[in-house]
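> Okay, sequence plus prediction incoming.
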Amino acid sequence: MSGHVPVMLREAVSFLAPKRGGIYLDATFGGGGYTRAILEATECTVFAIDRDPDAIARGAALLARYPGRLTLIEGRFGDLVDLLAAHGVASLDGAVFDFGLSSFQLDDPARGFSFRAEGPLDMRMGRSGRTAADLVNTLDEVELAALIRDYGEERHARRIARAIVRTRAEAPITTTARLADIVRSVVPRAADGIDPATRSFQALRIAVNEELDEIARGLAGAIDLLSPGGRIVAVSFHSLEDRIVKRLFADAAGRSPSPSRHDPRGLLSPAHPRLRLLTTKPVVPAADEIAANPRARSARLRAAEKLAEAA
């Protein structure tokens, strides 16, 4: 399982607080780091989901090490309620989500996630659906600009979209290196040293994998399945992800802002809180972790506990 370092592993397992005999979900198996830590923490059962068949295949060693305690499921974590139901699971004692790419995916040029090495412009976490090349070569300039702006939070989105459309008129854009060069040709390098192509690549990856919708569906499904006292932990890597986690947790905890006095929703009785927030502000990695694993620097962890249903 070497090659991927799980971020804030100690903190995530501490908030999850696995209990003997409990049933836990690792919704983003990846390199298996969280799954292994949960299984080592106590005598419990883990169901782990990943849409990447390569990740499921890499889990064979863990399956052999923990016979009868681990089940690997290939699929999208947005579908976790149905995926778990197919295995007879109707409730959980805890769930953990790590929304970042695994190092296995990022470091493999053939997957097309990174601009640091030449590879096909793919970016699919699974093996089906549209690729990044499909989007780059078929969306019109307005659609491309909106995608890059909304999912990459890129202020030069219109300039980048214009350059992509102009360049693809000569020949289709099919590699990571070519797309990165196009972006770099129109976006100045930032003072912080971050590659100008970073935000555009993030935007395409999110769009290809429908990541934001997956996060919202997955978190909502996990909250529904949690038993009273069960805990949910989510690790995000950029503001778009963290915003969804923050909003869903706040809504479930009854922490959402009150409607305007002119809003008819203000006449409704407030919903009974379903969660208790364990983190009022996101937990960030310690300095020593960031030094050892620079990819952890943008991580944010939020956690909450399921409350008993109202009588």
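Thanks, I have the structure now. Residues are numbered from 1 along each chain as shown.
> does Asp226 really touch Leu219, like I thought?
Let me fix one detail, which is that residue 226 is Leu and not Asp. No: the pair Leu226 and Leu219 fails to qualify as a contact (CB atoms under 8 Å) at a distance of 10.7 Å. From N, CA and C alone the C-beta is placed, and that goes for glycine too.
> Common neighbours of these two, please.
Ile232 (CB atoms under 8 Å, 6 or more residues apart in numbering).
> For Ala146, which non-adjacent residue is closest in space?
Distances taken as CB to CB, 6 or more residues apart in numbering put Ala157 closest to Ala146, at 7.5 Å, once the chain neighbours are dropped.
> residues contacting the one you found?
The neighbourhood of Ala157, defined by CB under 8 Å, 6+ apart, consists of Leu144, Ala145, Ala146, Ile148, Arg149.
> Next, work out how far apart it and Ile164 are.
In this view, Ala157 and Ile164 are 10 Å apart by CB to CB, to the nearest Å.
> between these two, what contacts are shared?
Taking CB under 8 Å, 6+ apart as the contact rule, Ala157 and Ile164 both touch Leu144.
> Could I get the full set of helices for the chain?
9-16, 33-41, 53-58, 60-65, 80-85, 103-106, 132-138, 141-152, 157-168, 176-186, 198-209, 211-225, 239-252, 287-292 (DSSP state H).
> what does stretch 198-214 rub up against?
By CB under 8 Å, 6+ apart, the list of residues contacting stretch 198-214 from outside reads 76-78, 99, 101, 113-115, 123-126, 129-132, 135-136, 147-154, 160, 176, 179-180, 183, 238, 240-241, 244.
> chain center to that stretch, what's the gap?
A distance of 10 Å separates the centroid of the chain from that of stretch 198-214, by CA atoms, centre = their mean, to the nearest Å.
> Okay, buried residues for it please.
Buried residues in stretch 198-214, counting neighbours by 16 or more other CB atoms under 10 Å, are found at 198-209, 211-212, 214.
> just curious, which of those is nearest to Asp251?
Leu212 (16.0 Å; CB to CB).
> low-confidence ranges in the stretch 1-150 of the chain?
1-4 (pLDDT under 70).
> Could you rerun that using 90?
Low-confidence segments of the stretch 1-150 of the chain, defined by pLDDT under 90, span residues 1-6, 100-117, 125-128.
> How about the stretch 151-300 of the chain?
In the prediction, the stretch 151-300 of the chain carries residues with pLDDT under 90 at positions 188-194, 255-272, 293-297.
> Quote the end-to-end distance of stretch 49-57.
12 Å (CA to CA, to the nearest Å).
> cool, and stretch 31-49?
Taking CA to CA as the criterion, the two ends of stretch 31-49 lie 11 Å apart.
> Make 280 the starting number, not 1.
With the count now opening at 280, the last piece we talked about shows up as stretch 310-328.
> For it, list every residue counted as buried.
Neighbour-count burial for stretch 310-328 flags 310-318, 320, 323-328 (criterion: 16+ other CB under 10 Å).
> Likewise for stretch 564-579?
Residues of stretch 564-579 classed as buried: Pro564, Glu568, Ile569, Asn572, Arg574, Ala575, Ser577, Ala578, Arg579 (neighbour count, 16+ other CB under 10 Å).
> biggest separation within those residues, which pair?
Asn572 and Arg579 (15.0 Å).
> per-domain residue ranges of this structure.
The chain breaks down into these structural domains: 288-383+490-585, 399-488 (assignment by automatic domain parsing).
> for the protein, what's the longest strand?
With secondary structure taken from DSSP state E, the chain has its longest strand at strand 505-515.
> then that one to CSV, C-alphas only?
Taking only C-alpha atoms (Å, rounded to 0.1, in the frame of the first residue of the first chain), the coordinates of strand 505-515 have been written out as CSV:
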residue,chain,number,x,y,z
LEU,A,505,-25.5,6.9,10.9
SER,A,506,-26.8,5.4,14.1
PRO,A,507,-27.2,7.8,17.1
GLY,A,508,-23.7,8.4,18.5
GLY,A,509,-22.2,7.5,15.1
ARG,A,510,-19.6,9.9,13.7
ILE,A,511,-18.8,11.4,10.3
VAL,A,512,-15.4,12.8,9.3
ALA,A,513,-14.7,14.6,6.1
VAL,A,514,-11.3,15.8,4.8
SER,A,515,-11.5,18.5,2.0
